Structures are given as structure tokens and as C-alpha cells.
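S.K.: sharing a model that was predicted from the sequence below.
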Amino acid sequence: MITFVILLIEMHMAPRFKFSTTLTRLTFGVILMSLLMGVSNKVFSQVSQCKIDALPTIVFQSKSAKLLNSAQTILNTVSEQIKENPLCKIVVASYGANSKDGQQLSWAHVNSVINYFVEKRGIAADRFIFSYGNEGGDPTTVDLRVAAPGEDGPSKVPPPFPGMRTN
Amino acid sequence: MTFSFFLYIKSGVFFKQLPLLFFTCFIYFSTTAQTKSLPGNTKTADASLVKTVSIINADSSERSAVHLQIDQLQANILKIIKAKLTGKSSLHQSDSGQISGAVITIIDSVQQSIEISLALKASEKLLQLTGWKLLLDGTLYAVSTVELAPEKVPLLFNCYQSTLDAVAAGNSILQIIKANSLTFGRIILKAIHQENAIGLNEGKYYVVSKTLELNPSNFFPVFFDFSNVAGADSLLKIAARKLPEDLYTFSQAKNSLLGKRISNSTDSLVKLISYIASFSAGRQYFPFLDELYHKKITIDEIKKVAESNNRTDYYKLLVKTQISYKERLHLNDTAIAYKATWEKLSSIALNDYVYEVNGQHEFPDKIRLKVLESLTAPELYYLCIAGVNDLYTSSFLKIYDKIFELQQAKGSYHLFETVHFDYYKRFIKMAGTFNTLDNFLSRMKKNEADSVIKSFVNGLDIDNNFEDAVDVADSYASIKNEQLRTFILNEIKTKLPVNEQPANNSAPGIYEVLYDLFLSLDTTNHINLSALLGIPPVYRINNDELKNDSGKIIIQQFFYGDDDGKYSYSIFFKTYGNPNWKITSNKYWIKCASQRGTVPVEIYANLPLDDNSNQDLRAQQKLSDYLKENNLQPSVIIHRGHSYHVKNTLKFLTPESKLIFLGSCGGYTNLKKVFAISPMAHLVTTKQEGTGTINQPMLDYITVLLRNNQNLDWPEIWQILAQRFKTNSRFDDYVPPHQNLGAILMMAYYKQHAAVKTAH
């Protein structure tokens, strides 16, 4: 298939340009592949019927689940994107898997973000997937991303350690 | 282009894909070389190439881009098909290959035939390619979800080609759309670019209206694609009554065609939903949609409670609305967005109250229950209902007590009447699980209790009601009132088949099993449940069954690092600190090996290390790994901790777990987990919170029996323990395996299930 496309482009350019050397052909092939990778990533992100390109990260103050004013401003903007794309589900993911209070804080972060979307921006709760206690990320942040086709999960989960209270 | 290439190299992806690049280049060179070397072909080929180039000259870059997109979609579809078909036993490897092959062949030949066609203009080629691209887009989405089975993909492509042929021939496409599934219809119609195609609009209307009728949850996503369909306004009107939640969400897409259509609708309900959805706090108003629509409440009245800082008033309004909706439901009048009201009530109940009361379980009641101060009995009742899977045992009991502090002489039946029997079965089940059912029923008149119980045990033989049957079995065991027990038994008896002799090979019905279970609690009936239900003995476990290959009995105890766990551990440690046991330990666990008796018993327990940093869980894992590596699989599992830690202990169960002490296990959900792993395990549970004053002496007594090679005869053990704890009323909350009716029912169910599986 790729060969076919290369051939097509070569045919198109043929009257004006000839690939006379092997090196030129190789370079062209590689450049085309690089373009193809770029295009393919873009294409893949579009197949989910969801037209939201990228979503931001929300930052919290250390050991707090209270949304900062700056975070609220970001969420307000994101809300409009989410509302305009009713076919999209949004994964709200936070980090902190190593300790119980870390997991509880991670839960509280996601809970704050989803509650804000629902109660302050009027978006239905079932548009969100609650994902806390993930490994590998910054525990003061919450990442928002568009759910892949078929990806699903609860919009509400119970707090893992409610005794470990957060601000 | 160069910059993009530089980034690509820098990202490291280039090096990973280097072999692929060389392979691609190799194919490229060989193909071009072959073309050149074909004898007598050069000129013809060159001529056709020149012709093709001149045709696509104006927009070939656009077509190239579409080809690339098609290739990528094709690859992604193949990837998903492969992933979905892997492990699908109903398909052979060759079937999977055929499906993938068809996807490759059909799409490749379509691309090539469009490209080499001399009949198509460049713009037509682009349109056709774009149509196929849209088809693949829809296919990829549908095959990624559960909408489209991978096996159907080649058929979908062929169907699309037939539709294109019909369009080209000037025939109507409606029959093709009607003859296929709604999913096919949706994907195909989205990919038809000829707006004047005969039957296109009728086809769209057919797909949209049929989806509303047959698969309403998918209606708005489909309608979103075809919102310009004729008759859209009347469909919207129906959808507003049937799917108000979805209408709310889709009306928020103000700039979409559908969003504009919704905002222009003249229907009063559509307008109201769209109006509420435009508020920034619209979700706070939506639960009152029906009341607003019928002008029983105003936006301003809701605003006062919804947007104030006093969340209690908002919760109270939700409860009031829920009760009034339930009252109307008895008159067959379902409120619009009834479900949304319950969901909001439930969400506030959990977030603002249940998690708070759970979270402060180590604080005195004055602090822990402060948040409940201004709530009435029905408002507290709904906290229990919403918290069915979340309330800690102690939280339920505190709320239960508070309900009847407020309810006083009005009694429990009055409470049910006040809430119009909303979720009353759930409340009875919870009362049964937490051993307050006797108390609850004693707060109503006998005839009232009889009628409540009668409807509680009704309808258990209807499909998929097994969970309710387990709850009934569980609840029965917690009723001590003999009169009530007799009433239930008689009620169940009326539901037994008239012909006492079951048909050959047919499994007994649920009421027959329940009847036998309930009779078995009275030992004078001499019912042998094991023989009757075909399950292993529930009255005893032989000592030999608990021994491993080396003749040892291995016990594993799970401790947690909170204050309660540390205290339990200290009692445990003291108990075994005597010459009957030899204690060894390391930094994660302790081992107590019996020094007396004829059967070697080894008790392994993790240390209650720091819970915040999960060191306690780490110690449990380390111990479990050690036991596994050394072939010391425990046959006895003992959970020592709060009810909310049970879910963690359950993770360590294995099919070898034969006797499990679970503490307060919280009903059906946990039982289901236990029996899914260890279907024939004996369970010792508590109906309320366990207590150290019973747990440790009970376990101590049982380990002595095991050490002395004695079998565990539950009726006898329970009689002795009842005598020993006769001054401790908490012992009544403990349930031995032979009286754990919910667990026995579950055991019978799994046994029956396994038999059916084997028969097939």
C-alpha cells in the first residue's frame, strides 16, 4: 500500500523531477515514511468520532484537592469543548499509588474535577470516566484525555480510604 | 517536511522502525524495477502513467492524503479485528485470516480501481475515495465498540458497494438499508456523498426512527449524524420524553446541526430541557425537570437551595421530590427524568454524608454524626439505600439507630409508608445483613410485618432473581422471632410446586431449595442439606480435608496496620505466646507452629506494619508469596480487620481455601467473590462488627481442635461456644457455616452451575 502511494506521488511528480540515484530514492522514501507517521497519528486520533484534539493537565497544590482559580479557568474552557462534542467521553486520571493517603488524595483530585464539571459547568456525570491511583504520573496533577472507542468505566467510585481526609 | 523528518529521527521512533523502512524501500525499488523490466511494457506503462498524472494533476495531493488515511484506517481495523478474534473459540484461525484478507483485498482493489479508472473525473475520484474513507471511519469506530462484530466487516464493505451501485444505476437505496442492520445503515448512509441519491433521506429517517424504537440509548449518537432528516422535530419531541438525559447532553452542542435544531424546537419540554442545559449549574436543576415542567416548582425556588452553600437543603429537596415521584409511580405515572432524580440524590447522599460518616469512624459519635444532625428519618433512610455498597457496618448501625430515635412511636411501617415503599426490599436486605431485621420488624404490627415479608419473598423464581433469593436466605437466618419464621416458611410453602415429585433430572426450583434451607435451621427436622443439595457437608469439615500433602494444617491470618489491626495483633500475639506454640518471625510476618497435639498446625500472620505507606499490604503479599513458593498453601484464611478491608483479604483467596473467617462480610457481593474462587468453602461471618473478645477465643478453641486431630463439627462447636459466650450478646451476631443460608444457597448454585457446564 505504501509502495502504491510512493508510486503515485512519483508518477505525479515525474514530468518535473526524476529520482536518478538510489540515494535520492532512499531519502525520499524515508521522508515520506516520516510524513506518513505524522499523518497516521493524526488520523488515528480522529477515528473515535470525537473531535477534541488535546486536553490539558490540571495542577493542584501539594496535599490539597481544592481547585485553584487558574484550574477552574482551564476547566471552564475545556467544558465548552466537551459540551460541543457530545459523542466524547473524557477520562479524568490522577496519580498516586504508593500510599493510602496518596491514593485517597488521588481519588479526591478526580472527584474535585468531575464534581466541578457536573455541578459548576452543568455537564452530565456519565460523560466522565473516574480513574485514580494511577502509577507513573505527577501526584499533584490530573490528566484529561478523550476515551478511546469502546473504552468505558464508572463516573463515580467510592473513596479508597475515607479516613485519610484531604483539604 | 525536513523539520518533520528531523523530529521523527529525534523522537527515536525512526530507529525502532528502521527495519520497516528498509523493507518498504526494498519493496518500492523492486516494484519500480519490475515495472521497468517488463518487456515491451515500458511505453504502454509510461503512456498510462502520463495519462493518470494529467487526470489527477489538479488535486492529486488531496487524493494522496485520502489514500494515506484509508491505508491507516485499514491497518487499524485489521489490528482491532485481530485483537477481537484472538481467543474467540467459535472461529478458526482460517476464518480470522479470511476476514482480514477480505478487508485487505476489498479496500486495496477499490483504491486501485478508482485510481486507474479512466471514466472518473479527478473530483469524482476524490469523492469516491472520501466516501470509502468515511465508511472505514465508521467501521473502525463500530468494530472498536460492541456495535459491529468483526465477522461482519467484509459484508459491510460489500453492502456499501451494492449501495454505491444502486446510486450509480439511479435505483433507490432504501431497500438495501432496510434489509440490513441499523449499524450497517448508519455507517453506509454516512459514507454516501451523493445528496440526491434516491432513497437517501428515507433511509436516514428509517435508521433514526428505528434506532429510537429498538435501541433508544443509541438514538442521539445516530441522530447527531442525521439531524437534517425529515421529521426530525417530531422525533425530538418523542425523545424528550423518552431520553431527557441524552437530549440535555446533545442540546449543549450548540454549534452542531442537532444543537441548533434542538434550540429551535417549539416543543415545550424540548425547550425546557435545552434551557436548563444552558445553565452553568444545569445538572443541579435537571433532577426537578418533571416538577418544573408541570409548574409545581420554579427555577428560582430551586436556585435558592441548589446554588447556596447549604447542601443539606438541596438534599432535602431531592428526597422530597423522590418521594413524590415514587407516589406517582404507584399510580402508573412515571415522572420525566425519574432516574436522574435518584442518581443525583444517591450521589449527594454518598458524597456529602455516607463518605463523611465512614471517614470519621474513629471519632466519637458527636463528631462522626454531626453531618446528620438536621436530617429527618426518611432522609436518613435514603442514606442507607444509597449507601448499600458503601456504608461501613458501624455507619449503617449508627444511622439505623438515629432513624428510630427520630421515628419513635411511629414505628418502622410508618417509615415505609412515608417513602411509599421506595427501595423497601433493599432496606430489609440491609437490615438482614446487619442483624437488625428482627428489631426492624418488631417496630411494626404483626399484620404489617407479614405483608412486608410476603412481598419480600415474592417473585424469587423470576429469571435473574438469584441475588434476591440469597438476600432472603440471609435475612431469614437473622430472624429470631419464631412466629415470623413460621409465617415465612408457610409463605414459601405456598410457592412450592403442587406436584411434590420433581420431574426427572430437573433441578429443584429456588423456593424448594429455600424451603429445605429454612427447615434445616431446626435440627429436629433432620434435614441433611449436603445430601439434598448435592453439596459437600456443611455441618462439618474433617480434619484431613484441611491438611496439606505433608499432613500439616496451614492457617494464614491477615492483619491491617490501623489502630484496630494493631490491637487485634497484640491480642493474637499474647494468645500464642506460650509453650504450646513456637514463634519465629522476620520483618514481614510471624509464624506460630504448634508444639502439642498430633497434627502440626502452622499459623502465619503478617505484621500490622504502617498502613499509610501500604507496608501492611506489602507484608501480606510477601507472606503469601513465601507460602506459595514453599508449597504451604493455607486451607484456613482468617480476616482480622474492619469490614472495609475485606475486599483486600479476598484477593488472596485460592481454591485451596476451605475454611474462611471473614468477619462482617457485607452480604451478596462478597459472598459472590468468595464462591467464585472457592466454591465449596465454609464461611464463618458476623452480622455486625466482629469483636476481639469473641474472635480470638473462638479461633484459639478451633486451632486446639485442629491440633488434636479433631474434625470441626459446627453444631457441636457452636453449642460449646454459645455456652462460653452466654454473657456476651455480640456472639449472636456470629454465623457458623451450617447456618449461613445465603452462603449455602450460593454453594448449591455454583454446584448446579458446574454440573450444567460439565453436562455441556
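M.R.: Alright, I've got the coordinates. Numbers count the residues shown, from 1 in each chain, chains lettered A, B, ... in the order given.

S.K.: what does the stretch 151-300 of chain B have sitting close to chain A?
M.R.: Residues of the stretch 151-300 of chain B lying near chain A by CB under 8 Å from any CB of the partner chain: B:220-221, B:224, B:245, B:248-250, B:252-256, B:259, B:277, B:279-284. Where you see a C-beta, it was placed from the backbone N, CA and C, and this is true even at glycine.

S.K.: just the buried members of those?
M.R.: Neighbour-count burial (16 or more other CB atoms under 10 Å in any protein chain shown) applied to those gives B:220-221, B:224, B:245, B:248-250, B:252-254, B:256, B:259, B:277, B:279, B:281-284.

S.K.: near chain A, which residues of the stretch 551-700 of chain B are found?
M.R.: Checking the stretch 551-700 of chain B against chain A by CB under 8 Å from any CB, the hits are B:562, B:611, B:612, B:613, B:614.

S.K.: whichever of these end up buried, select them in ChimeraX.
M.R.: ChimeraX command restricting those to the buried ones, with burial defined by 16+ other CB under 10 Å:
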select /B:562,611,612,614
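
S.K.: any idea how far the closest residue to chain A within the stretch 351-500 of chain B lies from residue B:382?
M.R.: Here the stretch 351-500 of chain B gets closest to chain A at one residue, residue B:359, 3.4 Å apart by CB to the nearest CB. In this view, residue B:359 and residue B:382 are 19 Å apart by CB to CB, to the nearest Å.

S.K.: so residue B:633: helix, strand or coil?
M.R.: Here residue B:633 is recorded as coil under DSSP: H, G, I helix; E, B strand; the rest coil.

S.K.: out of residue B:359 and residue B:382, which sits in the busier spot?
M.R.: Using other CB atoms under 10 Å in any protein chain shown, the more surrounded residue of residue B:359 and residue B:382 is residue B:382, with 25 against 19.

S.K.: what pLDDT does that one get?
M.R.: In this model, residue B:382 is scored at 98, pLDDT.

S.K.: quick one: contacts for it?
M.R.: Residue B:382 makes contact with B:319, B:322, B:345, B:349, B:419, according to CB atoms under 8 Å, 6 or more residues apart in numbering or on different chains.

S.K.: now, the buried ones among the residues of the stretch 151-300 of chain B next to chain A that are in helices?
M.R.: B:220, B:221, B:224, B:245, B:248, B:249, B:250, B:259, B:277, B:282, B:283, B:284 (DSSP state H).

S.K.: tell me the helix or strand right after the helix-or-strand element of chain A with minimal mean pLDDT.
M.R.: Lowest by mean pLDDT, DSSP states H and E among the helices and strands of chain A is helix A:22-46, with a mean of 38. Using DSSP states H and E, the helix or strand that follows helix A:22-46 in sequence is strand A:57-59.

S.K.: give me the residues contacting that next one.
M.R.: With CB under 8 Å, 6+ apart, strand A:57-59 has contacts from A:67-68, A:70-71, A:74-75, A:109, A:113, A:140-144.

S.K.: of these, closest to residue B:305?
M.R.: Closest approach to residue B:305 among these (CB to CB): residue A:67, at 22.5 Å.

S.K.: show me the contacts for that closest one.
M.R.: So residue A:67 contacts A:58, A:60, A:75, A:112, A:113, A:116 (CB under 8 Å, 6+ apart).

S.K.: ok, now residue B:549?
M.R.: Counting by CB under 8 Å, 6+ apart, residue B:549 touches residue B:631.

S.K.: can you list the low-confidence ranges for chain B?
M.R.: B:1-59, B:87-94, B:463-464, B:498-508, B:664-669, B:688-690, B:753-760 (pLDDT under 70).

S.K.: one more time with 50, if that's ok
M.R.: B:1-58, B:503 (pLDDT under 50).

S.K.: and the strands in it?
M.R.: Applying DSSP state E to chain B gives strands spanning B:540-541, B:553-559, B:581-585, B:589-594, B:601-606, B:636-640, B:659-664, B:682-686, B:712-713, B:734-735.

S.K.: now do the second one and strand B:636-640, the angle between them.
M.R.: It stands for strand B:553-559. Per axes from the mean of the first three to the mean of the last three CA atoms, to 10 degrees, the angle that strand B:553-559 makes with strand B:636-640 is 20 degrees.

S.K.: tell me the angle of strand B:553-559 relative to strand B:589-594?
M.R.: 140 degrees.

S.K.: now for strand B:553-559, which elements pack on it?
M.R.: Where contact means 3 or more CB pairs under 8 Å, 6 or more residues apart in numbering or on different chains; DSSP states H and E, strand B:553-559 is packed against helix B:563-576, strand B:601-606, helix B:615-629, strand B:636-640.

S.K.: nearest residue to residue B:263 other than its sequence neighbours?
M.R.: residue B:274 (5.6 Å; CB to CB, 6 or more residues apart in numbering or on different chains).

S.K.: residue B:632 too?
M.R.: residue B:554 (5.1 Å).

S.K.: run a quick neighbour tally on that neighbour.
M.R.: Considering only other CB under 10 Å, residue B:554 is surrounded by 23 other residues.

S.K.: show the contacting residues for it.
M.R.: By CB under 8 Å, 6+ apart, the residues touching residue B:554 are B:548, B:602, B:604, B:627, B:632, B:633, B:634, B:635, B:636.

S.K.: among those residues, who's most crowded?
M.R.: residue B:634 (27 neighbours).

S.K.: contacting residues around it?
M.R.: Contacts of residue B:634 (CB under 8 Å, 6+ apart): B:554, B:555, B:556, B:604, B:627, B:656, B:657.

S.K.: look up phi and psi at it.
M.R.: With angles defined as degrees, to the nearest 10, residue B:634 sits at phi -70, psi 140.

S.K.: quick one on the thing from earlier: closest one to residue B:572 out of the contacts of residue B:554, please.
M.R.: residue B:604 (11.7 Å).

S.K.: pull the contacting residues for that closest one.
M.R.: Applying CB under 8 Å, 6+ apart, the residues near residue B:604 are B:554, B:555, B:556, B:557, B:589, B:590, B:591, B:623, B:627, B:632, B:634.

S.K.: what ranges do the helices span in chain A?
M.R.: For chain A, applying DSSP H gives helices covering A:2-13, A:22-46, A:69-84, A:100-115.

S.K.: next, count neighbours for residue A:155.
M.R.: A count of neighbours around residue A:155, defined by other CB under 10 Å, yields 20.

S.K.: who's in contact with it?
M.R.: Counting by CB under 8 Å, 6+ apart, residue A:155 has contacts A:114, A:125, A:126, A:127, A:128, A:129, A:130.

S.K.: which of the residues you listed tops the neighbour count?
M.R.: Neighbour-wise, the contacts of residue A:155 (other CB under 10 Å) top out at residue A:128, 24 neighbours.
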